[in-house]
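Peer 1: Give me a model of this one.
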Amino acid sequence: MSQQLVTLLLGSNLDFPERNIETAISKIENELGNVVGRSEMLRTKPVEFVSNNIFCNIALRIKTQFSPIELLNSIKKIEFEMGRTEDSLITKGYIDRVIDIDIVFFGNLNFNCSRLKIPHEKHVKEREFSKKLLLSIRKH
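Peer 2: Numbering: from 1, shown residues only. Presented below is the predicted three-dimensional model:
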């Protein structure tokens, strides 16, 4: 498969969020593909659930040879390795997390299955912090 330009959004609100983000970026670069763009980090309040823990968020652009499902599986592996044992698809809601990595865009692909929808509608259309990060990565 040829290289695809993929946009990811990362978030963390447990332990040391900035360090968690940097660890995840390192793992992404080592395991998934080259990071070719990144936004600045943004601190935000939790969305769609209540918590006193503030999030650290960042948008990344990577080039990868993985298919969407291969990429998702590799992302879930990274999240698990970093300590995220419960996925929002399983819990049916949002909770505090060490790391969350979402695929927002995968080239120009529109993709929809039970585990993955691309583009990620909530990040693209609903969440203000996501729209801000996605806009800032386009400038880089």
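
Peer 1: following the helix or strand bottoming out on mean pLDDT in the chain, which helix or strand comes up?
Peer 2: Every helix and strand in the chain was compared by mean pLDDT, DSSP states H and E; the lowest is helix 88-91, with a mean of 53. Reading on from helix 88-91 to the C-terminus, the next helix or strand found by DSSP states H and E is strand 100-106.

Peer 1: Report all helices and strands that that next one contacts.
Peer 2: For strand 100-106, the elements it packs on are strand 4-12, helix 68-81, strand 117-118, judged by 3 or more C-beta pairs under 8 Å, 6 or more residues apart in numbering; DSSP states H and E. Backbone N, C-alpha and C define where each C-beta goes, glycine included.

Peer 1: go with 10 Å
Peer 2: On a contact count with 3 or more C-beta pairs under 10 Å, 6 or more residues apart in numbering; DSSP states H and E, strand 100-106 meets strand 4-12, helix 17-31, strand 55-64, helix 68-81, strand 117-118, helix 128-138.
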